[in-house]
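S.K.: Turn this into a model:
(one chain, ligands or ions: 1)
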Amino acid sequence: MMKVILVGYMGSGKSSVGKLLASKLAVPFYDLDVIIEENERQSVPELFKNKGEIYFRKIENNVFKLVLQKTESFVLSLGGGTPCYHNNHEMLLQDDVVSFYLKGKAKTLANRLQDEKVKRPLLSATNENDLVDFINKHLFDRSFYYHQVNHVIEIDEKSVEQLVDEIDLKLR
Ligand code: S3P
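M.R.: Below is the predicted model:
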């Protein structure tokens, strides 16, 4: 049994890489944000707005624990902040887990996130010029947690297919 977990900043490709990787490995794909949205019957931005981030982080921790209890192989994409709250980063080190950090430069991430800010409550207040700075600071704060994983995968200038092949090789 193998529980593959993808970690990384917003826009690092956790969901698209996760989906393709899961189909290549022929195992189910789970996206933590999507499970939270289904359980709570609200989108992540709505949850932040209506219930606040502290509530979201609590639910995120609960749902992460529940998914990890599954007794099957799967690929799971976390939210960008998941490893940085509660004891979530410790769960990346569980015996049956293989974890990957999809690591990108702030510039790469900012380019991808520019037009998607409505979906990301933490970025919506940031103006375009400040986005790279904001991401750099955020990456600095989060770096310790992201680096708890088993493997670091650099994403800059790579396609989803390339990233999936790279991860697949590490799993063999
Ligand atoms: C967050 C990232 C989001 C979502 C929430 C908070 C973060 O997930 O969980 O908006 O703290 O970085 P994605 O990385 O899938 O956008």
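S.K.: Could you pull out the helices in this structure for me?
M.R.: Assigned by DSSP state H, the chain shows helices spanning 14-25, 32-40, 44-51, 53-68, 88-91, 106-113, 131-146, 160-171.
S.K.: could the ones you listed go into a markdown table alongside distance to residue 119, mean neighbour count and mean pLDDT?
M.R.: For glycine as for every other residue, the C-beta is placed from the backbone atoms N, C-alpha and C. Listed next are these as a markdown table, based on distance: least, Cβ to Cβ, whole Å; neighbours: other Cβ atoms under 10 Å; pLDDT from 0 to 100:
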| stretch | distance to residue 119 | mean neighbour count | mean pLDDT |
| --- | --- | --- | --- |
| helix 14-25 | 11 | 20 | 98 |
| helix 32-40 | 10 | 16 | 98 |
| helix 44-51 | 7 | 15 | 96 |
| helix 53-68 | 14 | 16 | 98 |
| helix 88-91 | 21 | 18 | 96 |
| helix 106-113 | 9 | 19 | 94 |
| helix 131-146 | 14 | 16 | 95 |
| helix 160-171 | 18 | 15 | 98 |
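S.K.: Could you export the ones you listed as TSV, including distance to residue 122?
M.R.: Converted to TSV, the helices of the chain look like this (distance: least, Cβ to Cβ, whole Å):
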stretch	distance to residue 122
helix 14-25	15
helix 32-40	13
helix 44-51	8
helix 53-68	8
helix 88-91	16
helix 106-113	10
helix 131-146	8
helix 160-171	24
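S.K.: Mind checking the ones you listed for the one nearest to residue 78?
M.R.: Judged by Cβ to Cβ, the one of the helices of the chain that comes nearest to residue 78 is helix 32-40, at 5.1 Å.
S.K.: Put the alpha carbons of that closest one into CSV.
M.R.: Extracted C-alpha coordinates of helix 32-40, given in CSV (Å, rounded to 0.1, in the frame of the first residue of the first chain):
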residue,chain,number,x,y,z
LEU,A,32,-8.2,17.8,0.3
ASP,A,33,-9.8,21.2,-0.6
VAL,A,34,-12.5,19.4,-2.7
ILE,A,35,-13.3,17.0,0.1
ILE,A,36,-13.6,19.9,2.5
GLU,A,37,-15.9,21.7,0.1
GLU,A,38,-18.1,18.6,-0.3
ASN,A,39,-18.3,18.0,3.5
GLU,A,40,-19.0,21.6,4.3
